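>>> no FASTA, just this:
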């Protein structure tokens, strides 16, 4: 879509174009030949990387929206204000992509609204997730809309929406708490399939608590990535506050990771699963918990204490990888752990490519929006208003 | 109402609970608006003046 | 006590207050399933692995013909599971004294995991004991397959737009219509390894068989309690159920019971979070306001202080200026006086001089 114009023939655009083209081919295959052709899913492994990455990681990493907006609007940390818009934008795009990706994974995407409007299955935690994601995408769209409305010059509507900020923020935190935790609770139904080191009645708590450092780290990580290409779009406030945001978020993430680490241990203690630590699964669990929870917590602490921005940025990347690792472990690696190796799941190339395609769509839309709308700067006409 | 299956009973109770949750959200909004309707300052939504 | 049990009890306690006797059931035992629910008893010691049940099922349910005919027993050499074209399969296992066989199909749980996790209520537990599926509402999320502890539901992965979840229905429709009086597999079993009847009766039959044939069976009816109990029940020879590839670590708790804990927290978040977060916001807002007022007061005080200080300074300056002035005046006066005195003396002197010069002239 972007490769036509000569002035747009930059390397990034060319790669984007190739990935989008591959994605379109897979899309056609998925909707003409079915999941059997495109994926490695089978009767024993009904959920693959489109759930494990696109849904679980997508939602966890989009947690920056509710963490940042609640820090700024509810907990009174006004100095993070310039971080709110980029975080809301990422969260909105993240959730929109989750919904987009689900259209590939479910068998009949045209029925995705059935659980909400036709026949709600209220005993299902997936219903809880579906309802919350549906409502939260709406909330995020409204929360994000002032940026678009400022860009479009629709002043009156923008000011009306702006007045809803507090209510939307609180509603957003309620919805986020619910569906972040319910995503973990999805697996509470399968004690016989998930390895005991990852299965726990605390799965809901674990998923919710870990979404906080995930969200904070994503804000740091993405702020770092955005800083170079869009430096010229950032106003003085944004640039001045940038370092404070990184230091403050690093401190918050360090504490949240420490709390998450504690819950992780409690989960093992609950069913007395310590003896599994001596097995190969235990080694893998230790890699996750020591290398990607305890270590980043420590590094964040050092980074924020010594004001070492570079260390913090690398730690953010480490934390993001750690959260992805955890979601992969729960949904794929430790799921069906008792099945023989030849019945285990490994994603097909097309599944992975489609996930990359989904992320690329997100990045492309993000680039489009931040280059045009007041995300990294305050619109001159609304300076004192937000 | 008699239920033979716990799942059916849960479907019934959880459906009621979801309706209640919807009412909670609306109710909170209403109560908040009522409590703060005579306040000059508090009922205003946060205006983030920077100075 | 496990946390989910505890939460379940908490929930039960709450329900008791409103619904009376039924409620105790939530924490305890009242949900015993439909009283006339049917089931099937599978006796592994009678099964010879002839695959006739597979053929019967295939015929009754009008499923597509398999790649290899049902008479081909070589198929048994490889362990199979149910799939979108097969509602039931028989597997062969190696026992201590010869081969063992086990038939797999939907166990028709008394508290079905698939129904519990389905977010569109596509599964129903029927009064006849069967668990059936409605393709007309299914979204195709496959959570039922994830949740099924027996790995039974299968999915039409090769159907791009209208895939269904396929599983045994205990021939619910066919029996309801009166086409048959027992499930297809049961009718076609030549060895009476399968018995169709009321679940309660089947349990008694099984106990009876154990009593009458000491040493033939393990003393356990698989499905009586597993995952909250199933309507399909199993008896095994002395090799036990694990020799038949059946999991014995599933526990007795059904998925609805397991989910009760996390589900009970959901309304708590909706009820408590807005109040807590609104409170946090109001507290911060108040703090800000107080801080703002304090700042204003401080500015005012500072201004006042500056003013007072200024006045004091001014007064002091004035005073010192006054003093200076007085001194200056005094000094001036003194100097003037001195000068005047000097002038007078000079004048006097001059006068004397002149007078001296003039003599008697003055």
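It's in. Owing to the predicted nature of the structure, the values given are computational and were not obtained by experimental measurement.

>>> For chain A, what is the nearest residue in chain B?
Here chain B gets closest to chain A at one residue, residue B:14, 3.8 Å apart by Cβ to the nearest Cβ. Bear in mind the C-beta positions are built from the backbone N, C-alpha and C, glycine included.

>>> What's the local residue count around that residue?
23 (other Cβ atoms under 10 Å in any protein chain shown).

>>> and it, that's in a strand?
No: counting by DSSP: H, G, I helix; E, B strand; the rest coil, residue B:14 falls outside a strand, being helix.

>>> pretty sure it contacts residue C:260?
No: between residue B:14 and residue C:260 there is no contact under Cβ atoms under 8 Å: 9.6 Å.

>>> And the helices in the stretch 201-350 of chain A?
Counting by DSSP state H, counting those that start in this stretch, the stretch 201-350 of chain A has helices at residues A:203-227, A:236-270, A:280-286, A:295-305, A:309-328, A:349-370.

>>> Ranking those by mean neighbour count, which comes first?
Of all the helices of the stretch 201-350 of chain A, helix A:203-227 has the most neighbours on average by mean count of other Cβ atoms under 10 Å in any protein chain shown, namely a mean of 24.

>>> Are the one helix or strand residue A:166 maps to and chain B in contact anywhere?
Assessed by DSSP states H and E, residue A:166 sits inside helix A:165-185. Yes: using Cβ under 8 Å from any Cβ of the partner chain, helix A:165-185 reaches chain B at A:165-167, A:171, A:174.

>>> Looking at these, which one is closest to chain C?
Distances from chain C to the residues of helix A:165-185 next to chain B, taken by Cβ to the nearest Cβ, are shortest for residue A:174, at 4.5 Å.

>>> Give the burial count for the closest one, as a bare number.
The number of residues packed near residue A:174 is 27, by other Cβ under 10 Å.

>>> re earlier: quick one, the helix holding residue A:166 and helix A:203-227 angle?
Computed by axes from the mean of the first three to the mean of the last three Cα atoms, to 10 degrees, the angle separating helix A:165-185 from helix A:203-227 equals 120 degrees.

>>> Which strands or helices does helix A:165-185 pack on?
helix A:58-61, helix A:64-69, helix A:125-152, helix A:203-227, helix B:6-36, helix C:255-358 (3 or more Cβ pairs under 8 Å, 6 or more residues apart in numbering or on different chains; DSSP states H and E).

>>> hmm, who's touching stretch A:374-384?
Under the criterion Cβ atoms under 8 Å, 6 or more residues apart in numbering or on different chains, residues A:82, A:85-86, A:89, A:146-147, A:150-151, A:155, A:158, A:226, A:230, A:233-235, A:237-238, A:369-370, A:386, B:49-50 lie in contact with stretch A:374-384.

>>> returning to that earlier point: pick the one among the residues of helix A:165-185 next to chain B closest to chain B.
residue A:166 (4.7 Å).

>>> Flag the helix or strand of the chain with the lowest per-element mean pLDDT.
Going with chain A. Least confident element among the helices and strands of chain A, by mean pLDDT, DSSP states H and E: helix A:155-162 (a mean of 86).

>>> ah, no, chain C please
Least confident helix or strand, chain C: helix C:21-27 with a mean of 38, by mean pLDDT, DSSP H and E.

>>> Now do the same for residue A:8: its pLDDT.
According to the prediction, residue A:8 has pLDDT 69.

>>> whoops, residue C:19 was the one
Looking at residue C:19, its pLDDT is 34.

>>> Likewise for residue A:101?
95.

>>> The helix or strand containing it packs against which elements?
Assigned by DSSP H and E, residue A:101 belongs to helix A:81-105. On a contact count with 3+ Cβ pairs under 8 Å, 6+ apart, helix A:81-105 meets helix A:58-61, helix A:64-69, helix A:125-152, helix A:203-227, helix A:236-270, helix A:349-370.

>>> Take those helices and lay them out in TSV including distance to chain C.
Shown next, in TSV, are those (distance: least, Cβ to the nearest Cβ, whole Å):
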stretch	distance to chain C
helix A:58-61	15
helix A:64-69	11
helix A:125-152	4
helix A:203-227	5
helix A:236-270	7
helix A:349-370	13
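
>>> export the ones you listed to JSON lines and tack on mean pLDDT?
Converted to JSON lines, these look like this (pLDDT from 0 to 100):
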{"stretch": "helix A:58-61", "mean pLDDT": "94"}
{"stretch": "helix A:64-69", "mean pLDDT": "93"}
{"stretch": "helix A:125-152", "mean pLDDT": "92"}
{"stretch": "helix A:203-227", "mean pLDDT": "92"}
{"stretch": "helix A:236-270", "mean pLDDT": "91"}
{"stretch": "helix A:349-370", "mean pLDDT": "93"}
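
>>> mind putting those in JSON lines, distance to residue A:280 included?
JSON lines is the format used below for the helices and strands packed on helix A:81-105 (distance: least, Cβ to Cβ, whole Å):
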{"stretch": "helix A:58-61", "distance to residue A:280": "26"}
{"stretch": "helix A:64-69", "distance to residue A:280": "34"}
{"stretch": "helix A:125-152", "distance to residue A:280": "30"}
{"stretch": "helix A:203-227", "distance to residue A:280": "22"}
{"stretch": "helix A:236-270", "distance to residue A:280": "16"}
{"stretch": "helix A:349-370", "distance to residue A:280": "25"}
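
>>> Show me chain C divided up by domain.
Following automatic domain parsing, chain C resolves into domains at C:1-31, C:37-253, C:270-356.

>>> Return the most buried member of those domains.
Compared across those, domain C:37-253 shows the largest average neighbour count, a mean of 19 (mean count of other Cβ under 10 Å).

>>> From what I see, residue A:124 and residue C:115 are in contact.
No: contact criterion Cβ under 8 Å: residue A:124 and residue C:115 do not qualify, at 9.1 Å.

>>> Counting neighbours, what do you get for the residue in the stretch 101-250 of chain A that chain C sits nearest to?
Scanning the stretch 101-250 of chain A for proximity to chain C using Cβ to the nearest Cβ identifies residue A:107 as nearest, at 2.0 Å. Look at residue A:107: counted by other Cβ under 10 Å, it has 22 neighbours.

>>> Relative to chain B, which residue of chain A is the closest?
Residue of chain A nearest chain B, by Cβ to the nearest Cβ: residue A:122 (3.8 Å).

>>> That residue against residue B:19, yeah?
No: using Cβ under 8 Å as the test, residue A:122 is too far from residue B:19 to be in contact (9.5 Å).

>>> So for the two, which residue has more residues nearby?
Each of residue A:122 and residue B:19 has its neighbours counted (other Cβ under 10 Å); residue A:122 has more, 22 against 11.

>>> quick one: contacts for the residue nearest the centre of chain C?
Residue closest to the mean C-alpha point of chain C, counted by Cα atoms, centre = their mean, is residue C:262 at 5.2 Å. By Cβ under 8 Å, 6+ apart, the contact list for residue C:262 reads A:125, A:181-182, A:185, A:188, A:201, A:203-204, C:4.

>>> Perfect, I'm done here.
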